[in-house]
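Visitor: sequence and predicted structure, then a few things I'm wondering about:
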Amino acid sequence: MAHDTPENTLPGVSYVMPVLNEVAHVRAAVDSLLAQDYEGPIEVTLALGPSIDGTTELVAQLSAADPRISVVQNEIGSTPSGLNIAIRASSYPVVIRVDAHSELPSDYTRIAVETILATGADNVGGIMDAQGITPFERAVARAYGSRIGLGGTPLHLGGSEGPAETVYLGVFRRESLLDAGLFNEDIKRGQDWELNRRIRARGGTVWFTPRLKVTYRPRPNLGKLARQFFSTGIWRGELARRFPAANGIRYFAPPVMVLGVALGFLLGLVGVVQAAVGAAPWLLVGFAIPAIYLVIVIVSAIVVARAEGARAWLWFLIVLPCIHFCWGIGFVLGFLALTRNITEHVGR
């Protein structure tokens, strides 16, 4: 009788990754999967969207070089459709969602499977550890990990292990994914939060553990960052409108800030007009709101300067308002359902 070995006792793992125009990142993401210290069987399924930057040729090379890697076509190109196509094309009982901008540490799979088996959770995840290379990317990474940036959630800063509302990426039991109905393909961003909402509504458990930390590469320039957060804001507003009882107050902070700064600035302009016509310019007090916001940004940037240097500090002065205003404006548009004709274009 053969002795039991880790290879035949550990559950098989299916990594699923939607890929669209990610030639700069996908090789590192895939290499991090193949370098895992997990001793059970694995497979990697890449859902390839209609890319135009060389990604198609690169993933073909990766697949040809390793039989564990397969490529399936994601003609729609959206993240949720790619995830669902990859999940259906894979076979192992544990499904690990991977982002092309993410690199898993070598112990990620082992810790995740240990946790899911020990807790009985339906989905396990940890921290999105944003790490930049250029001064711009380092500024973005600092904004991700700042309480003033993305709200200081456990997904970005860490916290105590236990049940959670949602987690970054996710390590799922396949049967839980199938029972919940997979990802909602009508939701182009925030689909992980919405899926976790359904898992919890069915009595399942979403489990956060700070032992899982995934390196995330931020967008490399201001245009792509603005597009990302405008899209994220639109879909978060859409989700807040669809599921009002399930959204915490922190999701409303950026749009409230945007509206407050805009209103204060407009009132201040009216105060300038008052002064010009000889009336009491009491509405100049409105300028206090954008001034307070500017002070908050500058003080936050000083902290960045101490850790990252002057160039990252200067970028942070631009990055932080970009994140706030793009996310906040998008949220308002999504919440008011004013984006029906553009969500398909900004949701990828």
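Guide: The structure has been received and is ready for your questions.

Visitor: ok, which stretches of the stretch 51-200 of the chain are helices?
Guide: Secondary structure of the stretch 51-200 of the chain, counting by DSSP state H, counting those that start in this stretch: helices at 55-65, 79-89, 108-119, 135-144, 147-150, 154-157, 174-180, 191-201.

Visitor: output these as JSON lines; include the columns mean pLDDT, distance to residue 223 and mean neighbour count.
Guide: Glycine gets a C-beta too; all of them are placed from N, C-alpha and C. What follows is the helices of the stretch 51-200 of the chain, written out as JSON lines (pLDDT from 0 to 100; distance: least, CB to CB, whole Å; neighbours: other CB atoms under 10 Å):
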{"stretch": "helix 55-65", "mean pLDDT": "92", "distance to residue 223": "19", "mean neighbour count": "16"}
{"stretch": "helix 79-89", "mean pLDDT": "95", "distance to residue 223": "20", "mean neighbour count": "22"}
{"stretch": "helix 108-119", "mean pLDDT": "96", "distance to residue 223": "31", "mean neighbour count": "19"}
{"stretch": "helix 135-144", "mean pLDDT": "86", "distance to residue 223": "11", "mean neighbour count": "24"}
{"stretch": "helix 147-150", "mean pLDDT": "68", "distance to residue 223": "19", "mean neighbour count": "17"}
{"stretch": "helix 154-157", "mean pLDDT": "68", "distance to residue 223": "23", "mean neighbour count": "20"}
{"stretch": "helix 174-180", "mean pLDDT": "95", "distance to residue 223": "34", "mean neighbour count": "17"}
{"stretch": "helix 191-201", "mean pLDDT": "93", "distance to residue 223": "24", "mean neighbour count": "20"}
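
Visitor: which of these sits closest to residue 317?
Guide: For residue 317, the closest of the helices of the stretch 51-200 of the chain is helix 135-144, at 8.6 Å, according to CB to CB.

Visitor: how about low-confidence regions in this protein?
Guide: Applying pLDDT under 70 to the chain flags residues 1-8, 149-157, 246-248, 304-309, 339-348.

Visitor: which helix of it spans the most residues?
Guide: When secondary structure is assigned using DSSP state H, the longest helix within the chain turns out to be helix 310-335.

Visitor: all strands for this structure, in order.
Guide: 13-19, 42-48, 69-73, 94-97, 102-103, 123-130, 162-163, 168-173, 206-216 (DSSP state E).

Visitor: a markdown table for those, including mean neighbour count and distance to residue 188?
Guide: As requested, the strands of the chain are arranged in a markdown table below (neighbours: other CB atoms under 10 Å; distance: least, CB to CB, whole Å):
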| stretch | mean neighbour count | distance to residue 188 |
| --- | --- | --- |
| strand 13-19 | 25 | 11 |
| strand 42-48 | 24 | 14 |
| strand 69-73 | 17 | 18 |
| strand 94-97 | 25 | 15 |
| strand 102-103 | 22 | 18 |
| strand 123-130 | 25 | 19 |
| strand 162-163 | 11 | 27 |
| strand 168-173 | 24 | 17 |
| strand 206-216 | 21 | 19 |
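
Visitor: could you export the ones you listed as JSON lines, including distance to residue 199?
Guide: As requested, those are arranged in JSON lines below (distance: least, CB to CB, whole Å):
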{"stretch": "strand 13-19", "distance to residue 199": "17"}
{"stretch": "strand 42-48", "distance to residue 199": "21"}
{"stretch": "strand 69-73", "distance to residue 199": "24"}
{"stretch": "strand 94-97", "distance to residue 199": "13"}
{"stretch": "strand 102-103", "distance to residue 199": "21"}
{"stretch": "strand 123-130", "distance to residue 199": "6"}
{"stretch": "strand 162-163", "distance to residue 199": "11"}
{"stretch": "strand 168-173", "distance to residue 199": "9"}
{"stretch": "strand 206-216", "distance to residue 199": "6"}
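
Visitor: to residue 256, which of the ones you listed lies closest?
Guide: Residue 256 lies closest, by CB to CB, to one member of the strands of the chain: strand 123-130, at 24.2 Å.

Visitor: do you know which of the helices of the stretch 51-200 of the chain lies nearest residue 27?
Guide: Residue 27 lies closest to helix 55-65 among the helices of the stretch 51-200 of the chain, at 6.5 Å (CB to CB).

Visitor: can you name every helix or strand that the closest one contacts?
Guide: The criterion is 3 or more CB pairs under 8 Å, 6 or more residues apart in numbering; DSSP states H and E, and the helices and strands that helix 55-65 contacts are helix 26-34, strand 42-48, strand 69-73.

Visitor: the ones you listed: which one's closest to residue 270?
Guide: Taking CB to CB as the criterion, helix 26-34 is the member of those that comes nearest to residue 270, at 51.1 Å.

Visitor: contact partners of the closest one?
Guide: Applying CB atoms under 8 Å, 6 or more residues apart in numbering, the contact partners of helix 26-34 are 15, 17, 19, 22, 42, 44, 46, 55, 58-59, 62, 66, 68-69, 98-106.
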